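Chemist: Would you be able to build a 3D model of this:
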Amino acid sequence: MIDLHSHIFPGIDDGSKSWGMTLQMLTEAVREGTTAIAWTPHLLSGENGEYFQTIEQRFSEGLDRIKEWNLPITIYRGGEIYLMPDLSAFAKHPCGTYGGKGKYFLVEFPMYDYHPNYAEVIRRNIELGFGVVIAHPERYIKIQDSESEYRRLKNTGAKLQVNAGSIRGDFGATTQKTAKMLVKKGLADLVASDGHNDDSRPLGLASSYEQVMKWTNRERSEALFVEAPSAVLGIS
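Modeler: Here you go, the predicted model:
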């Protein structure tokens, strides 16, 4: 399985609190069958060069640690961008897009203040030639009962990324119901952990993979957990 949304390295955002926690998170991910993870720290501006430099230093240190720990997992660059009208400034930074390729952005919306014009913002960026993955759409409170709005987002050309924790029910029954709808109706494009720690928000994907199989079938699970993430990263 491939995990395209995580906060595994410490000292940058609200993710891992220490290298010890990072080790616990990654060890569990490997045990559950995850072979690759994108580290996606929160990004609020494409112009903060000092912050991006710190991220690159932490990424390099993280790779060294994983090598020391002898963990069989590959880590890719990425970033979780707070939505803004023009995402192009992030394309010049290695962590601004998946794998530093300048192609796919991971974008999140305000959790409690969804606005219909967000779909048009996404559409404009896609028309500029970028790919956009929308983080955890099932958690946006104002549209959880609106299948039509999810279809509108999907019709922009964006990919919808559902959180594994939402599938498990970690964020409540309403969010789980919404995640199930997105999966069963073919609106979800991929599932990722959005892992923040080794307890309440882990990296694990295995139980969610099994749940998606119960809701649909193995082919659908493979598409969401392996094939679509591989395509976004541009790996085979």
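
Chemist: how far is the longest helix seen in the chain from where the chain is centred?
Modeler: Counting by DSSP state H, the longest helix found in the chain is helix 49-69. On the basis of C-alpha atoms, centre = their mean, to the nearest Å, helix 49-69 sits 19 Å off its chain's mean C-alpha point.

Chemist: List the buried residues for that helix?
Modeler: 51-52, 55, 58-59, 62, 66 (16 or more other C-beta atoms under 10 Å). (Glycine included, C-beta is placed from N, CA and C.)

Chemist: Take the residues you listed and write them to JSON lines, including distance to L153 and pLDDT.
Modeler: Converted to JSON lines, the buried residues of helix 49-69 look like this (distance: C-beta to C-beta, whole Å; pLDDT from 0 to 100):
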{"residue": "Y51", "distance to L153": "28", "pLDDT": "95"}
{"residue": "F52", "distance to L153": "28", "pLDDT": "95"}
{"residue": "I55", "distance to L153": "28", "pLDDT": "97"}
{"residue": "R58", "distance to L153": "31", "pLDDT": "98"}
{"residue": "F59", "distance to L153": "30", "pLDDT": "98"}
{"residue": "G62", "distance to L153": "32", "pLDDT": "98"}
{"residue": "I66", "distance to L153": "34", "pLDDT": "98"}
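
Chemist: In a strand, F105, correct?
Modeler: Yes: according to DSSP: H, G, I helix; E, B strand; the rest coil, F105 belongs to a strand.

Chemist: where does it land on pLDDT?
Modeler: If you check F105, the pLDDT there is 98.

Chemist: Report the separation between it and G129.
Modeler: F105 sits 12 Å away from G129, going by C-beta to C-beta, to the nearest Å.

Chemist: neighbour count winner among the two?
Modeler: Neighbours per residue, other C-beta atoms under 10 Å: of F105 and G129, the larger number sits with F105, 27 against 10.

Chemist: I'd like to check which residues are in contact with the more buried one.
Modeler: With C-beta atoms under 8 Å, 6 or more residues apart in numbering as the criterion, the residues that contact F105 are 79, 81, 87, 90-91, 96-98, 125, 130-133.

Chemist: and of these, the nearest to H196?
Modeler: G79 (15.1 Å; C-beta to C-beta).

Chemist: Verify the stated contact: that closest one with L43.
Modeler: Yes: counting by C-beta atoms under 8 Å, G79 touches L43, with 4.2 Å between them.

Chemist: how much space between P85 and L4?
Modeler: P85 sits at a distance of 24 Å from L4 (criterion: C-beta to C-beta).

Chemist: what's the answer for A206, then?
Modeler: The gap separating A206 from L4 is 16 Å, by C-beta to C-beta.

Chemist: ok, now K177?
Modeler: On the measure of C-beta to C-beta, K177 and L4 end up 23 Å apart.

Chemist: likewise E28?
Modeler: 17 Å.

Chemist: Which one of those two is surrounded by more residues?
Modeler: L4 (28 against 16).

Chemist: Check what pLDDT the residue sitting furthest away from the middle of the chain gets.
Modeler: Centroid-distance maximum for the chain: E68 at 25.9 Å, with C-alpha atoms, centre = their mean. If you check E68, the pLDDT there is 98.

Chemist: Show me the strands in this structure, by range?
Modeler: Per DSSP state E, the chain carries strands over the ranges 2-3, 36-38, 42-43, 74-76, 80-82, 104-108, 131-135, 159-163, 190-192.
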